[in-house]
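Colleague: Model the following, please.
(one chain, ligands or ions: 1)
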Amino acid sequence: MRMYDIIVKKRNGFELSKEEINFFIEGFTKGEIPDYQASALLMAIFFNKMNTKETADLTMAMVNSGDVIDLSSIEGIKVDKHSTGGVGDKTSICLTPLVASVGIPVSKMSGRGLGHTGGTIDKLESFNGFSVELTESEFINNSNKIGIALTGQTGNIAPADKKLYALRDVTGTVDNMSLIASSIMSKKIASGADAIVLDVKVGDGAFMKTPEEAKALANEMVNIGKSVGRKTVGVISDMDQPLGYAIGNALEVKEAIDLLKGNGPKDLLELTLTLGSYMIICANKAESFEEARSLLLENIENGKGLEKLKEFVEAQGGDSSLVDDTSKLPKANYIEEVKADKSGIITKINTEAFGLIAMELGAGRETKDSNIDLAVGIVLNKKRGEKVKSGDIIAYIHSNDKSNIEKAKNKILCNINISDKIDKEIPLIYDVVQ
Ligand code: URA
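Modeller: Below is the predicted model of the structure:
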């Protein structure tokens with residue numbers, strides 16, 4: 001078999017066999033197939049797509065490229081959660097300790113930022129010392145001891161995805177349904193949880209721009225999960241405006257902590273309760289959505305979710321005193337107001353553009369080797385549907401470089417539409433696939 005023939009076959013629009021997909025994944029993981037040939041195949045897949053069988057074969061080839069963690073020594077039904085990626089999506093930071101505080105083991109594998117979207121690991125590194133470099137036995141011990149453990153794609157879990165993910169990020173091949181489905185599901189299957197709750201984002205800040213595309217992605221992932229015996233639920237949620245108000249690592253961590261203190265933004269709270277309820281139901285700890293939701297709300301009110309976050313941060317080497325005193329989180333040197341240039345209603349926030357503005361301020365990576373600045377980003381002061389008067393503050397820029405503030409300000413103003421009336425209401429939760 002030759003990689004060249006596989007590239008040409010997909011370029012010409014034909015279905016790849018399981019053997020061809022395995023040949024590509026094995027060779028690429030071992031470093032025998034170079035990045036330039038892998039990039040060519042990714043672009044051919046991007047344009048000519050893969051069918052359901054090819055996507056499932058690609059997923060399993062990536063699972064088998066490394067180790068599969070055995071979590072059977074952790075008691076109970078272990079649940080994992082994953083988002084397809086969004087702007088301001090800090091849900092995992094408040095959701096996972098909250099669900100763990102209800103007594104459900106959360107064994108989660110997270111990623112770093114990709115494209116214009118942020119990543120949970122980058123955000124959690126806002127806690128001094130926090131590490132996701134857990135060995136398999138630390139991962140299992142933490143899950144058993146405190147009911148929550150979070151790892152990066154360390155060791156040898158789906159190494160093919162790790163290499164492909166970095167390559168897709170710099171070759172314009174992220175937003176393809178089969179590549180996203182296989183990337184997410186290979187990691188989720190290899191990291192061993194019994195149940196997986198997927199947050200499939202839709203809107204201009206998501207990789208899937210329309211509800212139809214998001215539903216197709218959710219169906220594809222749910223079917224892959226079920227085919228290997230994992231309970232899988234896909235919640236399709238809005239990414240046509242940033243989630244909550246904060247965009248940028250430490251800024252988002254603060255917002256997630258605020259939620260656990262009972263002061264979270266409405267949309268972040270609603271999404272956390274929805275995803276959390278499905279996690280609880282998958283773990284057989286509640287019979288109805290209402291029962292699950294009230295368990296979560298109770299643990300926000302009584303502070304158990306917040307306590308679990310502290311335990312979790314401490315168990316992974318981080319400074320948990322930042323949870324009580326968020327003023328110790330990384331802080332930018334300059335905070336600049338952005339004021340509305342006219343009056344009206346905010347009808348649209350160009351979400352992908354906001355992800356990119358935050359990235360340019362330093363919150364995300366422009367190349368796979370860039371360093372990120374944990375302190376910087378944007379905090380919105382108004383969201384879609386809110387009235388503003390000319391001169392009202394609509395956002396704050398947090399920056400460590402005075403020279404990039406003016407450009408960010410202009411871009412923010414260009415990417416918020418203010419007009420007379422909103423033409424359509426957008427739901428926070430579109431659909432649930434299970
Ligand atoms: N998240 C992933 O893990 N992979 C993708 O391809 C997109 C989002």
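
Colleague: Where does pLDDT dip in this protein?
Modeller: Low-confidence regions of the chain, defined here as pLDDT under 70, cover residues 114-115, 155, 368.

Colleague: Next to the ligand, which bits of it? Give me the list.
Modeller: Remark: the part of the chain in contact with the ligand comprises 84, 85, 111, 114, 165, 174, 179, 180, 183, 184, using CB under 6 Å from any ligand atom. In short, each C-beta sits where N, CA and C put it, glycine included.

Colleague: what ranges do the helices span in the stretch 301-434 of the chain?
Modeller: With DSSP state H, counting those that start in this stretch as the criterion, the stretch 301-434 of the chain has helices at 304-315, 321-324, 351-358, 405-414.

Colleague: Next: the stretch 151-300 of the chain.
Modeller: Under DSSP H, counting those that start in this stretch, the stretch 151-300 of the chain gives helices at 159-169, 177-190, 211-227, 249-260, 266-282, 289-301.

Colleague: JSON lines please, covering the ones you listed and showing mean neighbour count.
Modeller: Putting these into JSON lines (neighbours: other CB atoms under 10 Å) gives the following:
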{"stretch": "helix 159-169", "mean neighbour count": "21"}
{"stretch": "helix 177-190", "mean neighbour count": "26"}
{"stretch": "helix 211-227", "mean neighbour count": "20"}
{"stretch": "helix 249-260", "mean neighbour count": "26"}
{"stretch": "helix 266-282", "mean neighbour count": "22"}
{"stretch": "helix 289-301", "mean neighbour count": "17"}
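
Colleague: can you redo the residues of the chain next to the ligand as CSV with distance to residue 74?
Modeller: Shown next, in CSV, are the residues of the chain next to the ligand (distance: CB to CB, whole Å):
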residue, distance to residue 74
84, 26
85, 27
111, 22
114, 28
165, 26
174, 32
179, 30
180, 28
183, 25
184, 22
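
Colleague: Can you say which two of those residues are spatially most distant?
Modeller: Put simply, by CB to CB the two of the residues of the chain next to the ligand set farthest apart are 111 and 179, 14.1 Å from each other.

Colleague: picking up where we left off before, need the helices of the stretch 151-300 of the chain in CSV (columns: distance to residue 420).
Modeller: Written out in CSV, the entries for the helices of the stretch 151-300 of the chain read as follows (distance: least, CB to CB, whole Å):
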stretch, distance to residue 420
helix 159-169, 40
helix 177-190, 37
helix 211-227, 26
helix 249-260, 30
helix 266-282, 24
helix 289-301, 36
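
Colleague: right, and those - which one's nearest residue 79?
Modeller: helix 266-282 (4.6 Å).

Colleague: Which part of this structure gets nearest to the ligand, residue-wise?
Modeller: Distances between the chain and the ligand by CB to the nearest ligand atom are smallest at residue 183, namely 3.5 Å.

Colleague: Quick check, that residue in contact with residue 165.
Modeller: Yes - because the distance of 6.0 Å satisfies CB atoms under 8 Å, residue 183 is recorded as touching residue 165.

Colleague: So what angle separates the directions of the strand or helix carrying residue 140 and helix 304-315?
Modeller: When elements are assigned from DSSP states H and E, residue 140 belongs to helix 136-146. Here helix 136-146 points in a direction 150 degrees away from that of helix 304-315 (axes from the mean of the first three to the mean of the last three CA atoms, to 10 degrees).

Colleague: Distance of residue 63 relative to residue 230?
Modeller: For residue 63, the distance to residue 230 (CB to CB, to the nearest Å) stands at 12 Å.

Colleague: Please say which of the two ends up with more neighbours.
Modeller: Applying other CB atoms under 10 Å to residue 63 and residue 230 shows that residue 63 carries more neighbours, namely 25 against 20.

Colleague: residues contacting the more buried one?
Modeller: Applying CB atoms under 8 Å, 6 or more residues apart in numbering, we find residue 63 in contact with 158, 186, 189, 190.

Colleague: and those residues, which two are the farthest apart?
Modeller: 158 and 189 (8.3 Å).

Colleague: Now the helices of the stretch 301-434 of the chain in JSON lines, please, with extra columns for distance to residue 5.
Modeller: Output for those, formatted as JSON lines (distance: least, CB to CB, whole Å):
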{"stretch": "helix 304-315", "distance to residue 5": "49"}
{"stretch": "helix 321-324", "distance to residue 5": "54"}
{"stretch": "helix 351-358", "distance to residue 5": "36"}
{"stretch": "helix 405-414", "distance to residue 5": "45"}
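
Colleague: Test my guess that residue 113 contacts residue 364.
Modeller: Yes - because the distance of 4.7 Å satisfies CB under 8 Å, residue 113 is recorded as touching residue 364.

Colleague: Which of these two has more residues huddled nearby?
Modeller: Looking at residue 113 and residue 364 with other CB under 10 Å, you find the greater number of neighbours at residue 364, namely 29 against 23.

Colleague: if I look at the more buried one, how far off is residue 76?
Modeller: According to CB to CB, residue 364 stands 36 Å off from residue 76.

Colleague: Repeat that for residue 195.
Modeller: Counting by CB to CB - residue 195 and residue 76 are separated by 11 Å.

Colleague: Give me the more crowded residue out of the two.
Modeller: Shown here are residue 195 and residue 76; by other CB under 10 Å, residue 195 has more neighbours (22 against 15).

Colleague: residue contacts, the closest residue in space to residue 90 that isn't next to it in sequence?
Modeller: Counting by CB to CB, 6 or more residues apart in numbering, the nearest residue to residue 90 once its immediate chain neighbours are dropped is residue 252, at 3.8 Å. Listed by CB under 8 Å, 6+ apart, the contact set of residue 252 reads 88, 90, 93, 118, 123, 244, 246, 377.

Colleague: Show me the two of the residues you listed that sit farthest apart.
Modeller: Looking at the contacts of residue 252 by CB to CB, the two members farthest from one another are 93 and 377, with 14.6 Å of separation.

Colleague: Check whether residue 216 really touches residue 176, as I assumed.
Modeller: No - the criterion here is CB under 8 Å, and residue 216 misses it with residue 176 at 11.6 Å.

Colleague: coming back round to it: just the buried residues of the helix holding residue 140, please?
Modeller: Taking 16 or more other CB atoms under 10 Å as the basis for neighbour counts, the residues of helix 136-146 that come out buried are 136, 139, 140, 141, 142, 143, 144, 146.
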